[in-house]
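1. Dropping the sequence and predicted coords here.
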Amino acid sequence: MIAAGGTRLLVVGASGLVGGALTEQASNAGYQVLGAARRPQGWATRALDLTQREQIESVLKEFEAQVVFVCSAYTHVDGCERDVSRSAVENVQSVANLIGALRGSNAFVVFYSTDQVFDGSGDYFVESDPVHPLNVYARHKREAENLLLKRGQTLVVRSAWIFGHELQQKNFVYQTIRAARRGERLKVPIAQSGNPTWSEWLASSTLELLQQGMSGVVHLTGGETLTKSNWARQVIRDLGLPPIEILEVPPAEAGQVAPRPGRVVLKSERHSLIQPSLRSILELLKTKFARL
Ligand SMILES: NC(=O)c1ccc[n+]([C@@H]2O[C@H](COP(=O)([O-])OP(=O)(O)OC[C@H]3O[C@@H](n4cnc5c(N)ncnc54)[C@H](OP(=O)(O)O)[C@@H]3O)[C@@H](O)[C@H]2O)c1
């Protein structure tokens with residue numbers, strides 16, 4: 001059980017989509033938070049590269065984190081397929097480095113993983129279902145999951161299709177907004193469905209599970225399953241953007257190199273947290289996104 005009240009949290013990847021939402025919410029909730037990334041910006045105020053073990057040791061010595069959130073990764077799925085060794089270093093070795101640096105400490109680790117550890121062969125997947133990653137990124141995320149689960153004192157949060165405010169403005173909602181504002185056609189891969197998950201709900205739910213003392217693997221995604229094209233249409237409609245042509249194309253034409261599962265739906269057998277409807281979330285985000 002990890003309560004707020006001054007507990008020291010280190011968020012690695014605090015300038016990213018998930019890390020930014022977590023750092024903001026945990027700070028507001030009264031945790032003592034240090035946000036880190038290789039390049040300090042946004043919510044990341046401390047430089048830290050997880051591929052450099054001595055840097056981790058130095059930050060841990062200075063800050064004595066009770067919980068370390070790993071929201072950092074080489075998240076470019078097609079980049080991982082092209083550069084396997086970079087993915088191995090940034091997605092697996094970095095986690096091994098953290099485990100090494102934490103030897104002798106009982107600090108808790110929260111790690112974000114992906115729906116892509118599954119192959120999409122079932123109607124839905126719960127936490128105890130067997131995994132079968134189809135690409136390098138997912139294989140490496142699974143290897144990192146295993147390292148942490150073997151260490152213990154870990155919560156592995158698998159999520160999918162994350163969207164929300166972010167410094168880099170790169171998630172699918174931003175891509176759709178940009179295309180609509182420019183009146184451009186949007187090409188999306190055909191036959192890929194998933195559950196869009198709001199970064200802020202993911203962050204608050206993670207903190208809630210942490211407070212409940214949850215460990216092991218947990219699935220946290222929105223409850224609505226959409227194709228990429230329907231997700232883009234909903235974003236355009238609910239944000240009141242000008243309509244554009246949305247074209248479903250073969251994955252290669254949409255720029256995808258790595259094989260991906262067609263449809264992955266994550267469900268949980270371990271908690272009953274439910275994300276608000278996508279319509280209500282987009283309504284909330286409307287004013288913020290209007291300022292883009
Ligand atoms: N986005 C999704 O739809 C999605 C879906 C499922 C799971 N996930 C998982 O959720 C986690 C967060 O994803 P995200 O979309 O928030 O990622 P993101 O926006 O790409 O942010 C990644 C963050 O990690 C930092 N980082 C990268 N490599 C680092 C390193 N070696 N050492 C320290 N910091 C490093 C980045 O900043 P610097 O580059 O400055 O270091 C950045 O702050 C990832 O583990 C990802 O696999 C994401």
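-> Structure received.
2. For residue 164, which non-adjacent residue is closest in space?
-> residue 199 (3.3 Å; Cβ to Cβ, 6 or more residues apart in numbering). All C-beta atoms are positioned from the backbone trio N, CA, C, and that covers glycine.
3. Pretty sure that neighbour sits against residue 159.
-> No. Judged on Cβ atoms under 8 Å, residue 199 makes no contact with residue 159 at a distance of 9.2 Å.
4. Now the common contact residues for the two.
-> residue 18 (Cβ atoms under 8 Å, 6 or more residues apart in numbering).
5. circling back to that earlier point, would you mind giving me the confidence score for the residue nearest to residue 164?
-> If you check residue 199, the pLDDT there is 98.
6. Kindly list the main-chain dihedrals of the residue in the chain positioned nearest to the ligand?
-> Going by Cβ to the nearest ligand atom, the ligand is nearest to residue 16 of the chain, at 2.0 Å. Main-chain dihedrals, residue 16, degrees, to the nearest 10: phi -90, psi -180.
7. repeat for residue 110
-> Here is the backbone geometry of residue 110 (degrees, to the nearest 10): phi -110, psi 130.
8. next one: the one 3 residues further on
-> Backbone torsions of residue 113, given as degrees, to the nearest 10, read phi -130, psi -170.
9. Which pLDDT value does the model give it?
-> 98.
10. now swap in residue 287 and tell me
-> For residue 287, the model assigns a pLDDT of 82.
11. Same question for residue 11.
-> Note on residue 11: pLDDT of 98.
12. Excluding covalently adjacent residues, which one is nearest to residue 50?
-> Per Cβ to Cβ, 6+ apart, closest to residue 50 is residue 94, 3.6 Å.
13. can I assume residue 271 is in contact with residue 214?
-> Yes. Here residue 271 reaches residue 214: they are 7.1 Å apart, a contact under Cβ under 8 Å.
14. Neighbour count: these two, which is higher?
-> Neighbours were counted for residue 271 and for residue 214 using other Cβ atoms under 10 Å; residue 214 has more, 18 against 15.
15. List, one by one, the residues from this structure near the ligand.
-> Residues of the chain found near the ligand (Cβ under 6 Å from any ligand atom) are 12-13, 15-19, 37-39, 44, 48-51, 71-73, 75, 90, 94, 112, 114, 141, 159-162, 166, 168.
16. neighbouring contacts of the longest helix belonging to the chain?
-> If you go by DSSP state H, the chain has its longest helix at helix 136-151. Helix 136-151 is contacted by residues 73-77, 80-81, 84, 87-88, 91-92, 95-96, 99, 102, 109, 111, 113-114, 116-117, 131, 133, 154, 156, 216-217, 258 when judged by Cβ under 8 Å, 6+ apart.
17. and residue 3, what pLDDT?
-> For residue 3, pLDDT reads 78.
18. Is the residue nearest to it when sequence neighbours are not counted in a helix, a strand, or coil?
-> Once flanking residues are discounted, residue 3 sits nearest to residue 211: 6.1 Å by Cβ to Cβ, 6+ apart. Of the three states, residue 211 takes helix under DSSP: H, G, I helix; E, B strand; the rest coil.
19. I'd assumed residue 26 was in contact with residue 211.
-> No. Using Cβ under 8 Å as the test, residue 211 is too far from residue 26 to be in contact (11.1 Å).
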